[in-house]
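[1] quick one, fold the following:
(chains A and B)
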Amino acid sequence: MKSSTQITRYAKSAIIGIALAVLLVWTVFPLYWVIITAFKDQTAVFQSPPLWWPNTNGVLAFGQLMATGVIYNFESSFIVSISSTLAVVFIGALTGYAIARFKAGGNFLPFWVLSQRMLPPIAFLVPIFLMFSTLDLVNTYQGLAYAYAAFNLPYAVWMMKTFFEDLPVEMEESAEVDGCGKLGAFVRIALPLAAPGIVATVIFVFIMGWNEFLFALVLMRSVKMFTLPPTEYIFYYGPTSGVRYNVASMQALLAILPVLALSVYIQKYLVRGLTFGAVKG
Amino acid sequence: MALPCVALLASLMIVPLVYELALSFHEWIWGSGLGWVFNWGLSYVKVLTDPRFATSLYNTLIIGGSSLILEFAIGFALASLLNREIRGRSVLVAIFSSPMMLIPVMVAHLWRIMYFQGSGPIDPMVRAVLGYSIGWLEEPWAAKFANVFANTWEWAPFTMLIILAGFTAIPVTLYEAARVDGASSWQMFRRITLPMARPLIVLALLIRAMEEIKLFDVVYLITTGGPGTETETVTLYIFRQAFQFLDMGKAAASSFILLIIVTVIATVSIRYMYRP
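    Alright, predicted model coming up:
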């Protein structure tokens, strides 16, 4: 016969299990629904009561998606995200190191940089759009990449700063004593040691560019130049709007795949990344 | 070494702000052919007396506030549930945190297709429970919560991860000592876990509060501010002043008002995050 404490323990783990299962359904079901919608045909999407499983192999929806020229949007997304990420990480590493090791800009610089990150991007939309119109940067990859670089730089600076601060300063000092110089100590000692953190920062910044919607929508003036997020919007409010939700879902799936793949790597840096390095996690 | 950083930030953060400040004191309809006309800050008066602006602030408060509460509730529940030895815990954490990585517009899409009356999966569930169906995209309060649920789904993992980090950072010795003293698990949760994790809980809420004010992508795709202006948030208000009504002076003035609100919250957050 089981003792009463054992029964309460069973009851407790049963409750925990059920609660976790409910929350798991809440998290996974929307993903399930978008996947099966991508693999439904036109009529099944609008069928009432709803169809709870896919009814095609998805080839037709995929073909229709390709016919929209989505490949150009993928190209835009990759060009803009990668180029802005390269700029951000290069400048961010230099600045992060300068702040971590030489206290560049004293107390003011790091917090000024951080405060830029907290401001709402929408507040910069009007002046940047008008300035870019004058400078002919509207509807160009350079313009959007430039804007992303500025918006994501504060984030990279703070991430890099905390990664460099975590390194023991003695190694760089002894490298300098051995005649390496400050630049040598940075390039040969600090950078390789901080490499995992730098890669995590690269992925975070890439994802932020990949996911951005507002500036892509306003700064790109033709569908062909759009990155992926505003392209999704076309399915709802564009000239051919309102019907092709299976194609829209197919695009959503393809667009989130790169991000999901990358997120596996940054899993252990997530907490630090989400709090601007305030919590080491 | 910090010079490129300062130059890049100044060129796209400081210069536009100065430009916008100047613009906010002028009357200017974009594309009207007329130049800037100085109007002694009338744009600010126009924005502050615009009932639509007040509505947008109210909507931001309701949608953002409800999201914040739900994100905290779900995130806290998940963190508490996962703060124990379970098989496959890291896999579970990875699955639960996945919505946060997705493109926000795609999150909006995958919720919007679920809200469809008749063909969406939510409708039959609601009808089974309530006996009638809800027009998620058409009814004022339902439309507000249609945005809240999508936003919560994406960002509850954020509060979960931060609070979980707070829980796991608590030294095991504290619990061992409490157990020796005969404390129950509820007492340990109440007297050790909660107070020790409090700073991170507050931090998660501060960061999310700041982000809720910036909410745009989800609202723009799910309801686009509708029905009427029932889900028009401050960000959407600014966007429409600029790109629908082309009233750049008013857009600039409302941007500045939003900046002031966010700066106050951001200053509090930064003080809190990095206090010595």
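[2] how about the residues of the stretch 51-200 of chain A near chain B?
    Taking CB under 8 Å from any CB of the partner chain, the part of the stretch 51-200 of chain A that reaches chain B is made up of A:52, A:87, A:91-92, A:94-95, A:97-99, A:102, A:104-105, A:109, A:111, A:113-116, A:118-131, A:146-147, A:149-151, A:153-154, A:157. Quick note: C-beta positions are derived from backbone N, CA and C, even for glycine.
[3] and the next element down the chain from the longest helix belonging to chain A?
    Counting by DSSP state H, the longest helix found in chain A is helix A:4-38. Using DSSP states H and E, the helix or strand that follows helix A:4-38 towards the C-terminus is helix A:42-45.
[4] what about the stretch 151-276 of chain B, any weak spots by pLDDT?
    For the stretch 151-276 of chain B, the stretches with pLDDT under 70 are B:275-276.
[5] can you give me the helices for it?
    Along the stretch 151-276 of chain B, counting by DSSP state H, counting those that start in this stretch, helices occupy B:172-180, B:185-188, B:194-213, B:217-222, B:234-243, B:248-273.
[6] turn the ones you listed into a markdown table, including distance to chain A and mean neighbour count.
    A markdown table is the format used below for these (distance: least, CB to the nearest CB, whole Å; neighbours: other CB atoms under 10 Å in any protein chain shown):
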| stretch | distance to chain A | mean neighbour count |
| --- | --- | --- |
| helix B:172-180 | 14 | 12 |
| helix B:185-188 | 9 | 12 |
| helix B:194-213 | 6 | 19 |
| helix B:217-222 | 5 | 26 |
| helix B:234-243 | 5 | 24 |
| helix B:248-273 | 4 | 20 |
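[7] who wins for proximity to B:S133 among these?
    Proximity to B:S133, assessed across these by CB to CB, is greatest for helix B:217-222 (17.7 Å).
[8] can you tell me the centre-most residue of chain B?
    Ranked by distance to the mean C-alpha position of chain B (CA atoms, centre = their mean), the top residue is B:E212 at 1.9 Å.
[9] wait, what's in contact with the closest residue to A:L24 other than its chain neighbours?
    In space, and not counting its chain neighbours, A:L24 is closest to B:I95: 7.1 Å by CB to CB, 6 or more residues apart in numbering or on different chains. B:I95 makes contacts with A:L24, A:T27, A:V28, as judged by CB atoms under 8 Å, 6 or more residues apart in numbering or on different chains.
[10] go on, A:G105?
    Listed by CB under 8 Å, 6+ apart, the contact set of A:G105 reads A:A98, A:I99, A:W112, B:A2.
[11] would you say the third one is within a helix?
    Pointing back at A:W112 there. Yes. Assessed with DSSP: H, G, I helix; E, B strand; the rest coil, A:W112 lies in a helix.
[12] so how far is B:Y272 from it?
    Separation of A:W112 from B:Y272 (CB to CB, to the nearest Å): 18 Å.
[13] repeat for A:F129
    In this view, A:F129 and B:Y272 are 33 Å apart by CB to CB.
[14] nearest the middle, which residue of chain A would you pick?
    So for chain A, CA atoms, centre = their mean, it's A:I207, sitting 2.1 Å from the centre.
[15] for that residue, pull up the helix or strand it's in.
    helix A:195-211.
[16] the residue nearest to the centre of chain B against B:L70, yeah?
    No. Contact between B:E212 and B:L70 fails when scored by CB atoms under 8 Å: they sit 11.1 Å apart.
[17] burial measure for residue 52, as a count.
    All of this is about chain A. 10 (other CB atoms under 10 Å in any protein chain shown).
[18] that's the wrong chain, I wanted chain B
    Residues near B:R52, counting by other CB under 10 Å: 13.
[19] what strand or helix carries it?
    helix B:51-82.
[20] hang on, the earlier thing: flag every buried residue along the helix holding A:I207.
    By neighbour count with 16 or more other CB atoms under 10 Å in any protein chain shown, helix A:195-211 contains the buried residues A:197-198, A:200-211.
[21] contact partners of that helix?
    With CB under 8 Å, 6+ apart, helix A:195-211 has contacts from A:77, A:80-82, A:84-85, A:88-89, A:92-93, A:145, A:148, A:151-152, A:155-156, A:159-160, A:163, A:166, A:191, A:227-229, A:258-259, A:262-263, A:265-266, A:269, A:273, B:101-104.
[22] still on that earlier bit, okay if I get the helices of the stretch 151-276 of chain B as JSON lines plus distance to A:A185?
    Converted to JSON lines, these look like this (distance: least, CB to CB, whole Å):
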{"stretch": "helix B:172-180", "distance to A:A185": "39"}
{"stretch": "helix B:185-188", "distance to A:A185": "47"}
{"stretch": "helix B:194-213", "distance to A:A185": "34"}
{"stretch": "helix B:217-222", "distance to A:A185": "43"}
{"stretch": "helix B:234-243", "distance to A:A185": "45"}
{"stretch": "helix B:248-273", "distance to A:A185": "30"}
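[23] and B:A156, which of these is closest to it?
    helix B:194-213 (9.6 Å).
[24] CA atoms only for the closest one, dumped as CSV, please.
    Extracted in CSV, the C-alpha atoms of helix B:194-213 (Å, rounded to 0.1, in the frame of the first residue of the first chain):
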residue,chain,number,x,y,z
LEU,B,194,10.3,34.7,-5.4
PRO,B,195,12.4,37.2,-3.5
MET,B,196,15.7,36.0,-5.0
ALA,B,197,14.3,36.1,-8.6
ARG,B,198,12.5,39.4,-8.1
PRO,B,199,15.2,41.6,-9.8
LEU,B,200,15.0,39.6,-13.0
ILE,B,201,11.2,39.5,-12.9
VAL,B,202,11.1,43.3,-12.7
LEU,B,203,13.8,43.5,-15.5
ALA,B,204,11.7,41.2,-17.8
LEU,B,205,8.6,43.3,-17.2
LEU,B,206,10.5,46.6,-17.8
ILE,B,207,11.9,45.4,-21.1
ARG,B,208,8.6,44.1,-22.3
ALA,B,209,6.7,47.2,-21.2
MET,B,210,9.1,49.2,-23.4
GLU,B,211,8.6,46.9,-26.3
GLU,B,212,4.8,46.8,-26.0
ILE,B,213,4.8,50.6,-26.8
